[in-house]
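J.: Got a predicted structure plus its sequence, pasted below:
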Amino acid sequence: MAALSGDFTDLTALVYDTEGNYLISTFIVSHDKEARHVVLDKMPEGINANENCKLIVLTSPTPCEFLGKAKKTGGNFFIALFQGQEKETRVAPRYSISNPALITAVLVDGEVHRIQTPIKITLVNISASGLRFRAPYYSFDVGDDFHLDMMIGQTPKKATIRVVNAVDNEPESSDYGCRFLLIQ
């Protein structure tokens, strides 16, 4: 798994408690591959030393998910990484997130077609393999590919996603499950 052997320094990390509750979006200040830990720019409130947590590192082309333990040495907080894997299956745990995002382009037969007025959507949840969004008044089909601009905490991210399922919630909106094809 190439992404696991790479350096996570300067990448965005999403931290969740073991129940899947979103805690914080932060940057990885340093990554010690041999010691298997990352030092974060900020530690989430509510996480104590030696408490388990979950971490999604926004690696490209797909994110990686880790179980970890919050540690404190001297004045530094870090997360010791227990296990990690690239997630490309539907069994990836989903974590709630409620962020606005924009669909900026549609891909048709590999060609990018920019949307003059980007479509405003709301992210519903995110996992290591993809995300779910809610879109009012629009209809997307399974297999549609999009370019998406989103904010994860204070960090702007761009992703290419593919719709893998759709669920109508009410007359004015639908939820769309998507798989990450690329995230930057």
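T.: That came in fine, so what should we check first?
J.: Against which helices or strands is the helix or strand that Arg134 is a member of packed?
T.: For Arg134, the host element (DSSP states H and E) is strand 130-136. In this structure, strand 130-136 makes packing contacts with strand 111-126, strand 155-170, strand 173-183, judged by 3 or more C-beta pairs under 8 Å, 6 or more residues apart in numbering; DSSP states H and E. Where C-beta positions appear, they are placed from N, C-alpha and C, glycine not excepted.
J.: what would those look like in JSON lines with distance to Phe27 and mean pLDDT?
T.: JSON lines is the format used below for the helices and strands packed on strand 130-136 (distance: least, C-beta to C-beta, whole Å; pLDDT from 0 to 100):
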{"stretch": "strand 111-126", "distance to Phe27": "17", "mean pLDDT": "89"}
{"stretch": "strand 155-170", "distance to Phe27": "7", "mean pLDDT": "82"}
{"stretch": "strand 173-183", "distance to Phe27": "15", "mean pLDDT": "85"}
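J.: Tell me which of those is the most buried.
T.: Most buried of the helices and strands packed on strand 130-136, by mean neighbour count (mean count of other C-beta atoms under 10 Å): strand 173-183, with a mean of 19.
J.: about what we covered before: quick one, which of the helices and strands packed on strand 130-136 gets closest to Lys54.
T.: Among the helices and strands packed on strand 130-136, strand 111-126 comes nearest to Lys54, with 11.8 Å by C-beta to C-beta.
J.: which other residues reach the closest one?
T.: With C-beta atoms under 8 Å, 6 or more residues apart in numbering as the test, strand 111-126 has contacts from 14, 56, 94-107, 131-135, 138, 147-150, 152, 175.
J.: how far off strand 155-170 does that strand point, in degrees?
T.: 80 degrees (axes from the mean of the first three to the mean of the last three C-alpha atoms, to 10 degrees).
J.: could you give the angle of strand 111-126 to strand 173-183?
T.: Per the same axes, to 10 degrees, the angle that strand 111-126 makes with strand 173-183 is 110 degrees.
J.: what residues are up against Val29?
T.: Val29 is in contact with Thr9, Val38, Val39, Leu40, Asp41, counting by C-beta under 8 Å, 6+ apart.
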